[in-house]
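Student: I would like the atomic coordinates for the input below:
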Amino acid sequence: MSTRARVLDVAARLVAESPDGDISTRAVCEAAQVGAPALYRHFGDKEGLLSAVVDHGFDAYLATKRERGEGADPIEDLRKGWDGHVEFALRNPNLYRLMHSPAMRTPPASALESHRILTGDLERAAAVGKLRLAPELAAQMVMSANVGVALMLVARPATFADAGMSHRVRDAVHAAVLTPEAFRACRGEKATDGPRGSVPAAAEPSVPSAAARLNALLRRSPDPSLSAAEGALLTEWLDRLSNAPRTH
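Tutor: Below you'll find the model as predicted:
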């Protein structure tokens, strides 16, 4: 095992065992039996080491997503992605808190990849007319809610003890970003059924949904009849339409 790999394994173990998830570089060096110069040569500083620890631990979770590839139904992938994210946080509470700590000035590569995978699922949903706003905005809404739920579950388990809370928040957010038909279908409801539970499915905003779908399709297959400037302008217009605040 290389020095870098040994230091990573030791640091990951110390993070998992720490009462608050924090570790010192001195403790890592002592446990890995390496000198401080070797640690700093491989990782730069403590933040670099912790960022590498997060990527090292989160990589196993992301590997399942990479191997899975794109499923036939992007909405099912979206739901599985939310649940898998929360499950990972509950299995690795210290690592997860570290991943989203304000002390991490540079986002770990694993966090950025997770966001790209989510955005890809939403772009596929938009391309088949199942999204009611732009994929990028939908991704921000879904990820912020997903991370917020996971952090509360691992940081305040006594307060957030309801096992079904994550699914209720998931469904509320998905109801806000998916078209009503897509949301009902993913819950096994017929088009004429009302939604189960307390999550309402509002009337479909046809213009934002259509704009999001056209934008996603054009990004996958740009129209050669448009110049680069025209394509950029059309994208800007479609983004405005798909992200426009809805009035009731």
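Student: Any idea which helix or strand in the protein has the lowest mean pLDDT?
Tutor: helix 206-220 (a mean of 78; mean pLDDT, DSSP states H and E).
Student: Moving C-terminal from it, which element do we reach first?
Tutor: Helices and strands here follow DSSP states H and E; after helix 206-220, the next one along the chain is helix 228-243.
Student: and that following helix, what other elements does it pack with?
Tutor: The contact analysis (3 or more CB pairs under 8 Å, 6 or more residues apart in numbering; DSSP states H and E) places helix 228-243 against helix 206-220. For glycine as for every other residue, the C-beta is placed from the backbone atoms N, C-alpha and C.
Student: now the helix it packs on against helix 228-243, angle please.
Tutor: Relative orientation of helix 206-220 and helix 228-243, computed by axes from the mean of the first three to the mean of the last three CA atoms, to 10 degrees: 140 degrees.
Student: who does helix 206-220 touch, helix- and strand-wise?
Tutor: Helices and strands touching helix 206-220, by 3+ CB pairs under 8 Å, 6+ apart, are helix 109-127, helix 228-243.
Student: mind listing what's buried in the least confident helix or strand of the chain?
Tutor: Within helix 206-220, the residues that qualify as buried are Pro208, Ser209, Ala210, Ala211, Ala212, Arg213, Leu214, Asn215, Ala216, Leu217, Leu218, counting by 16 or more other CB atoms under 10 Å.
Student: what angle separates that helix from helix 109-127?
Tutor: Relative orientation of helix 206-220 versus helix 109-127 (the same axes, to 10 degrees): 120 degrees.
Student: My guess is Leu90 contacts Ala155. True?
Tutor: No - in this structure, Leu90 is not within contact of Ala155 by CB atoms under 8 Å, at 11.5 Å.
Student: What is the neighbour count of Ser18?
Tutor: When neighbours are counted by other CB atoms under 10 Å, Ser18 registers 14.
Student: about what we covered before: nearest to Val10, of the buried residues of helix 206-220?
Tutor: Sorting the buried residues of helix 206-220 by distance to Val10 puts Ala216 at the head of the list, at 44.6 Å, by CB to CB.
Student: tell me the contacts of that closest one?
Tutor: Each residue near Ala216 by CB atoms under 8 Å, 6 or more residues apart in numbering is listed here: Glu123, Arg124, Ala126, Ala127, Leu131, Pro135.
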